[in-house]
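Colleague: need a 3D model of the sequence below.
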Amino acid sequence: MHLNGENVIDMNQIVGQYNILFVCIDSLRYDVAIREEEQGRTPVLNRYGKWRECQAPGNFTYPSHQAMFAGFLPVDSKVRDMKKREKLFFSEDIGMGRKAPEDAFCFQGSTIVEGMEREGYGTYCIGGLSFFDKRTDIGKVMPGYFQHSYWNPSFGCKIKESATNQIDFAVRKVHEIPEGKLIMMYINISAIHYPNYFYIEGEKHDSVETHAAALRYVDGELDRLFEAFQDKGDTFCICCSDHGTCYGEDGYLYHGFNHPVVNTVPYKHFLIPGQKA
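Modeller: Predicted structure coming up:
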């Protein structure tokens, strides 16, 4: 494992040696994620370490992803000095004297996706929400960062089996990629985004409880994705939410505004060792 000091990843030893998998569980709340973790109801995610309490870079999907693709991932809520926050990627073109922080990979290009492409990675996007559906001009922007991007209606948040469909497709793609070719894959898991009431039989409205049920469903699907990358080779995985969502807290519904529930997200990164032949 390429760790430096106190469990800090040295991305300069990751990039070029590991596949990169970026899983965004769209709209997942930190409080729900940590409760399900502590109760043992997300066994797949629990295998890869505890959720960290972090601050989202945006309060809805579009701004949060634009920041994350530029290298500004969720930051640890407990670290208040910007210069002490862990950074995995850093653009060579911005800030801090244009010197990458220790352990961060200094990338070229406008996004980490372009940066990985310049390092020889094949880049893949499996869309979920409408910002990734490529049916509109705005829905083409972020998929356009990738060499290969995919979406179909069965991946959308209104489809109860969306995570199953997305991961089935992602696994097929991983298995199609030639052996030895490093890839970066991003997948926007849409199941937890509203509507999610249908994950509890008989419910008619979204709630914290249906949100949690959606997370348990997603957890049950993720194992196949992680196994596919294990078969592919050593993989570095980033797994997080882009923002939370409200269900009536202080009178707020959903997201797109600043509220602690929206701004606080779960985050983790971990290594998936490749399967030895």
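Colleague: distance between the ends of stretch 23-39?
Modeller: With C-alpha to C-alpha, to the nearest Å applied, stretch 23-39 spans 22 Å between its terminal residues.
Colleague: 53 is where my numbering starts, stick with that
Modeller: With 53 as the first residue, the last one maps to stretch 75-91.
Colleague: could I get the full set of strands for the stretch 103-252 of the chain?
Modeller: 104-107, 127-128, 141-143, 157-159, 174-178, 200-202, 235-241 (DSSP state E, counting those that start in this stretch).
Colleague: highest mean neighbour count out of these?
Modeller: Highest mean neighbour count among these (mean count of other C-beta atoms under 10 Å): strand 235-241, with a mean of 26. Heads up, the C-betas are built off the backbone N, CA and C, glycines and all.
Colleague: tell me the angle that one makes with strand 174-178.
Modeller: Computed with axes from the mean of the first three to the mean of the last three C-alpha atoms, to 10 degrees, the direction of strand 235-241 lies at 10 degrees from that of strand 174-178.
Colleague: which SSE is immediately downstream of strand 235-241?
Modeller: Toward the C-terminus, strand 235-241 is succeeded by helix 260-284 as the next helix or strand (DSSP states H and E).
Colleague: where in the chain is pLDDT low?
Modeller: 53-59, 147-152, 328-329 (pLDDT under 70).
Colleague: which one's the longest strand in it?
Modeller: Determined from DSSP state E, the single longest strand within the chain is strand 316-324.
Colleague: which other helices and strands contact that one?
Modeller: helix 82-90, strand 104-107, helix 260-284, strand 287-292 (3 or more C-beta pairs under 8 Å, 6 or more residues apart in numbering; DSSP states H and E).
Colleague: the ones you listed: which one's closest to C298?
Modeller: helix 260-284 (9.6 Å; C-beta to C-beta).
Colleague: between the closest one and helix 82-90, how big is the angle?
Modeller: Going by the same axes, to 10 degrees, helix 260-284 makes 60 degrees with helix 82-90.
Colleague: could you name the helices and strands sitting against helix 260-284?
Modeller: Right, helix 260-284 is packed against strand 71-77, helix 82-90, helix 95-98, helix 214-228, strand 235-241, strand 287-292, strand 316-324 by 3+ C-beta pairs under 8 Å, 6+ apart.
Colleague: which of those is buried the deepest?
Modeller: strand 235-241 (a mean of 26).
Colleague: outside of that one, which residues touch it?
Modeller: Contacts to strand 235-241, defined as C-beta atoms under 8 Å, 6 or more residues apart in numbering, come from residues 71-78, 165, 168-169, 173-181, 184, 198, 214-215, 218-219, 222, 225-226, 229, 270, 277, 284.
Colleague: same check on stretch 140-159?
Modeller: 56, 60-64, 66-67, 122-123, 125, 135, 138-139, 160, 164, 166-168, 170-171, 290, 321.
Colleague: buried only: go through these for me.
Modeller: Neighbour counting by 16 or more other C-beta atoms under 10 Å classes 61-64, 66-67, 122-123, 125, 138-139, 164, 166-168, 171, 290, 321 among the contacts of stretch 140-159 as buried.
Colleague: S162 - how many residues pack around it?
Modeller: Counted with other C-beta atoms under 10 Å, residues neighbouring S162 total 13.
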